[in-house]
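Chemist: need a 3D model of the following:
(one chain, ligands or ions: 1)
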Amino acid sequence: MVTEQTVLDRVPRGLFVAGTWRASASGAAIAVEDPSTTKTLVDVADATVDDGLAALDAAAGAQTQWAATPPRMRGELLRAAYELLIQRAEEFALLMTLEMGKPLAQSRGEVAYGAEFLRWFSEEAVRIAGRWSTAPDGATRLLTMKQPVGPTLMITPWNFPLAMGTRKIGPAIAAGCTMVVKPARQTPLTMLALAGLLQEVGVPSGVLNVVTTTRTGELVRALMSDPRLRKVTFTGSTPIGQGLVRQSADQMLRVSMELGGNAPFLVFPDADLDAAVDGAMLAKMRNMGEACTAANRFIVHESLADDFASRFAARMASEVVGRGTEDGVTVGPLIDGQQLRKVSDLVHDATSRGATVVTGGSTTRDTGYFYEPTVLTGVPADADLFREEIFGPVAPITTFADDEKAVEMANDTMYGLAAYVYSANVSRVIRVCERLDFGMVGVNQGIVSNPAAPFGGVKHSGFGREGGPEGIEEYLDVKYVGIAP
Ligand code: NAP
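Modeler: Model (predicted):
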């Protein structure tokens, strides 16, 4: 029987270091909050810097043997983890909803999505290959091999507590890298439960270590200054990512950065309007808008704008806001008070500059961090909503008259993660896709995330790719050996 109490009772609350669960050296704890009630769910260990270094000791100690473990064995461990995660989908989904807030149906979706990275990379583990060739002058033979990068620090955000972890852990295990994972302080429980599951399927001691902490900056700096660490992979906000790139220079670490987004959602005059509204709901409301790929700017051809806005607003108004565990709820709370204030301030800024609220526009309850699904029209180009990542259920709409202008507006951002294009004209789609400065484009679909595809951005959205055949390359170094024949 899966109940709130049983999943909370089962989740480990310590630090996972060298294959064992332990308390923090200081004995301190982090209270994990339910964002729909603001009540504490449970406490977990608050790691000290020394705890973090102990996790790195374990990862560094396990690296050589792990790299020599047969790829098939690494793949089979991932496959077993995939199977067990699917078996426990209901427990993981409920745990995620409790700490993060999203409705249960969406948490189930994330479990399926997150698990798929384990399955995908279980299949990639045995496909790591190099090259053999003869030098052009015939004097030497060139052997190119791929080897694990080594101990990796993984820093994950709160918005997809499982999938943002498996997207890193899957390829690292497949490639033969050991790791220290630091989940976001708001949502450590899902990652701790995942560590328990990986331990259960037999991932060897030291390969995966998890530290939860509030001393994040200090702990991460200590690990990144240690020459035994060889890579840092980060998913989170752009300013923190920029700081980590700077810090990575001292030890010349391999770096992957999955950062913020400001996705345009373009609707051209030949678009199927019903499909565009469906896609808009998905691109905006998945995760209550708290997704790096969330549509942030709706850029709609002027011939369709009124119709699009009224249909979209009707759909947004019919969403059911509430605690994610309740039947029928489609929109949960935002993650915390800071995020709620940010969303509220962004809407206020837009209305003070002349935008019109078509639906929503305020918080919904006295307790919990709930905000109404909101549609705004007539949003001026200089509104903060268009510049900043909203990370909430707010959809600002603006219009364009010709394709050239639409592309220009879409590219007018420092971010370059995801974009969406709705059009029935293949030539227009190709033309626009080629001109968009984004790492991913959804064409006539409101979702781009797929474990078999390379997820990632350009510009201030970062670099590196997660998922697809590209995903494992982030965890492999190339070595060339010249051999005299
Ligand atoms: P965040 O504030 O940058 O935090 C992300 C992670 O970084 C957390 O684990 C956080 O730990 C840690 N962190 C904070 N300060 C740090 C420091 N000084 N050094 C090292 N690590 C530090 O971002 P967030 O609010 O959790 O997540 C939302 C952001 O993530 C959005 O910008 C979103 O677009 C982005 N995101 C991007 C992708 C993508 O694939 N491109 C996917 C999902 C989310 P604490 O919790 O302890 O502060």
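
Chemist: around the ligand, which positions in this structure sit nearby?
Modeler: With the criterion set to CB under 6 Å from any ligand atom, the chain comes near the ligand through 155-160, 164, 182, 184-185, 216-217, 220, 235-237, 240, 243-244, 258-261, 292, 389, 417, 457, 461. The C-beta positions use only the backbone N, C-alpha and C, and glycine is treated the same way.

Chemist: repeat that for 5 Å
Modeler: Residues of the chain found near the ligand (CB under 5 Å from any ligand atom) are 155, 157-158, 184-185, 216-217, 220, 235-237, 240, 258, 260, 292.

Chemist: contact partners of stretch 473-480?
Modeler: 128, 142-149, 152, 171-172, 174-177, 231, 233, 254, 256, 464-466 (CB atoms under 8 Å, 6 or more residues apart in numbering).

Chemist: ok, stretch 264-272 next?
Modeler: In contact with stretch 264-272 (CB under 8 Å, 6+ apart) are residues 273, 276, 279-280, 283-284, 295-301, 303-304, 308, 403, 406, 409-410, 413, 419-425, 428, 432, 436, 444, 446.

Chemist: before we move on, back to that, inside strands: which ones of the residues of the chain next to the ligand?
Modeler: Among the residues of the chain next to the ligand, the members falling in strands (DSSP state E) are Ile155, Thr235, Glu258.

Chemist: most neighbours, which of these?
Modeler: Highest neighbour count within these, by other CB atoms under 10 Å: Glu258, with 27 neighbours.

Chemist: ok, and the closest non-adjacent residue to that one?
Modeler: Leaving aside its sequence neighbours, Glu258 sits nearest to Thr235 (CB to CB, 6 or more residues apart in numbering; 4.1 Å).

Chemist: distance of the one you found relative to Leu244?
Modeler: From Thr235 across to Leu244, the span is 11 Å (CB to CB, to the nearest Å).

Chemist: between those two, what contacts are shared?
Modeler: The contact sets of Thr235 and Leu244 overlap at Ile155 (CB under 8 Å, 6+ apart).

Chemist: show me the helices in the stretch 351-485 of the chain, by range?
Modeler: Ranges of helices within the stretch 351-485 of the chain are 384-387, 403-411, 426-435, 470-473, based on DSSP state H, counting those that start in this stretch.

Chemist: and those, which is most packed in?
Modeler: helix 470-473 (a mean of 21; mean count of other CB atoms under 10 Å).

Chemist: just the C-alphas of that helix, formatted as PDB.
Modeler: Coordinates of each C-alpha in helix 470-473 appear next as PDB, following Å, rounded to 0.1, in the frame of the first residue of the first chain:
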ATOM      1  CA  GLU A 470      25.700  12.300 -27.600                       C
ATOM      2  CA  GLY A 471      24.900  12.000 -23.900                       C
ATOM      3  CA  ILE A 472      27.600   9.400 -23.100                       C
ATOM      4  CA  GLU A 473      30.300  11.400 -24.900                       C
END
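
Chemist: avg pLDDT for that helix?
Modeler: Averaged across helix 470-473, the pLDDT comes to 98.

Chemist: now do the helices in the stretch 201-350 of the chain.
Modeler: Using DSSP H, counting those that start in this stretch, helices in the stretch 201-350 of the chain cover 216-225, 238-248, 273-285, 305-317, 337-352.

Chemist: residues of the second one that come out buried?
Modeler: So that's helix 238-248. For helix 238-248, the neighbour count (16 or more other CB atoms under 10 Å) marks Thr238, Ile240, Gly241, Leu244, Val245, Gln247, Ser248 as buried.

Chemist: swap in the third one?
Modeler: Using 16+ other CB under 10 Å as the burial criterion, the residues of helix 273-285 that qualify are Ala276, Val277, Asp278, Gly279, Ala280, Met281, Leu282, Ala283, Lys284, Met285.
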